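> give me a model of this one.
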Amino acid sequence: MYKIIIILILLVILFYMVRRAARAWIEPRAEEATPGKDVMIQDPVCKVYVAAGSAITEEVSGQRYYFCSQDCAKHFMREGTK
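Residues are numbered from 1 along each chain as shown. So this is what the prediction gives:
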């Protein structure tokens, strides 16, 4: 009886370990995924937090940046190209 309980416990642990590994392999990594529209992201110019869904986005060298306004985006692009 105890052997069956121990085997069942080990099978449950194995199931959760395999499921976790499969999810990590299938789902994209956090740095590759784009944030949800309700996620608050800091503007690199004026340091204001803005929702990703309403932010102005610019991509520079494969890196995506989020801005609170067109003025901040233009300022960042001017300063970044110098």
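
> mind listing what the closest residue to I56 other than its chain neighbours touches?
Leaving aside its chain neighbours, I56 sits nearest to F67 (4.4 Å; criterion: CB to CB, 6 or more residues apart in numbering). C-betas here are computed from N, CA, C, even on glycine. Each residue near F67 by CB atoms under 8 Å, 6 or more residues apart in numbering is listed here: 43-45, 50, 55-58, 73, 76.

> at 7 Å what do you get?
Contact analysis of F67 by CB atoms under 7 Å, 6 or more residues apart in numbering lists 43, 45, 55-56, 58, 73, 76.

> measure it to G53 for me?
According to CB to CB, to the nearest Å, F67 and G53 sit 13 Å apart.

> quick check: Y66 is in a strand.
Yes: counting by DSSP: H, G, I helix; E, B strand; the rest coil, Y66 is located in a strand.

> so it touches Y49, yeah?
No: using CB atoms under 7 Å, Y66 is not in contact with Y49, being 9.7 Å away.

> those two: which has the busier surroundings?
More crowded of Y66 and Y49, by other CB atoms under 10 Å: Y66, with 23 against 12.

> confidence score at the closest residue to the more buried one other than its chain neighbours?
In space, and not counting its chain neighbours, Y66 is closest to A55: 3.9 Å by CB to CB, 6+ apart. You'll see A55 listed with a pLDDT of 91.

> and the helix or strand harbouring I5, average pLDDT?
Assigned by DSSP states H and E, I5 belongs to helix 2-26. Across helix 2-26, pLDDT averages out at 92.

> turn the contacts of F67 into JSON lines, columns for neighbour count and distance to Y2.
Formatted as JSON lines, those follow (neighbours: other CB atoms under 10 Å; distance: CB to CB, whole Å):
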{"residue": "D43", "neighbour count": "19", "distance to Y2": "60"}
{"residue": "V45", "neighbour count": "17", "distance to Y2": "65"}
{"residue": "A55", "neighbour count": "23", "distance to Y2": "58"}
{"residue": "I56", "neighbour count": "17", "distance to Y2": "63"}
{"residue": "E58", "neighbour count": "17", "distance to Y2": "63"}
{"residue": "A73", "neighbour count": "20", "distance to Y2": "66"}
{"residue": "F76", "neighbour count": "19", "distance to Y2": "65"}
